[in-house]
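K.L.:
I would like the atomic coordinates for the input below:
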Amino acid sequence: MTRSSEYALRALIYLAQHQDGRPIPGREIAKGAGIPAKYLQKILGDLTRCGVLAASPGRKGGFRLSRPAERIQLLEVLTPFERFQLRRCPFGNVVCSDAHPCRAHHEWKKVVEAEQGFLREMTLDDVAEPLEPAPRRRGR
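P.N.:
Numbers count the residues shown, from 1 in each chain. Here you go, the predicted model:
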């Protein structure tokens with residue numbers, strides 16, 4: 001996973017945990033998620049352009065999730081920063097494809113498909129720990 005991907009996830013988890021309807025300024029997200037503010041600016045712009053975030057300009061502006069965290073797949077969060085479709089053979093083989101596979105191609109393809117399946121199934125809500133634990137229900 002690239003550093004940009006990690007920062008994107010951390011920023012969106014911060015937003016999911018602090019979503020109260022108001023836009024959150026980029027500086028607040030950077031500080032709260034422990035991300036360099038200048039680096040985060042580009043990431044937030046990319047996430048806005050791909051439709052994961054909504055941006056509000058102005059003094060009281062900032063960012064918020066474009067839809068509920070349970071409807072944002074991790075795959076769509078990471079796609080702007082990862083090259084899922086353009087992967088080359090990790091074993092250095094110049095010619096490696098379904099039509100002309102290297103000796104590890106079919107097994108490696110299973111790993112890549114499992115990773116993408118995981119990222120499609122998991123949502124931002126699945127990975128964003130609540131800030132405060134939910135109250136325990138008393139048994140009857």
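K.L.:
how much space between the spatially closest residue to residue 32 that is not a sequence neighbour and residue 112?
P.N.:
Closest residue in space to residue 32, ignoring its immediate chain neighbours: residue 14 at 4.9 Å, by C-beta to C-beta, 6 or more residues apart in numbering. Where you see a C-beta, it was placed from the backbone N, CA and C, and this is true even at glycine. According to C-beta to C-beta, to the nearest Å, residue 14 and residue 112 sit 29 Å apart.
K.L.:
ok so, going back, going by neighbour count, list what's buried in the helix or strand that contains the residue nearest to residue 32.
P.N.:
Remark: residue 14 resides in helix 3-17, with elements defined by DSSP states H and E. Judged by neighbour count using 16 or more other C-beta atoms under 10 Å, the buried positions of helix 3-17 are 4, 5, 7, 8, 9, 10, 11, 12, 13, 14, 15, 16.
K.L.:
In JSON lines, list those residues along with distance to residue 35 and pLDDT.
P.N.:
Converted to JSON lines, the buried residues of helix 3-17 look like this (distance: C-beta to C-beta, whole Å; pLDDT from 0 to 100):
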{"residue": "4", "distance to residue 35": "10", "pLDDT": "96"}
{"residue": "5", "distance to residue 35": "12", "pLDDT": "96"}
{"residue": "7", "distance to residue 35": "5", "pLDDT": "97"}
{"residue": "8", "distance to residue 35": "9", "pLDDT": "97"}
{"residue": "9", "distance to residue 35": "10", "pLDDT": "97"}
{"residue": "10", "distance to residue 35": "6", "pLDDT": "97"}
{"residue": "11", "distance to residue 35": "6", "pLDDT": "97"}
{"residue": "12", "distance to residue 35": "11", "pLDDT": "97"}
{"residue": "13", "distance to residue 35": "11", "pLDDT": "97"}
{"residue": "14", "distance to residue 35": "9", "pLDDT": "97"}
{"residue": "15", "distance to residue 35": "12", "pLDDT": "96"}
{"residue": "16", "distance to residue 35": "15", "pLDDT": "96"}
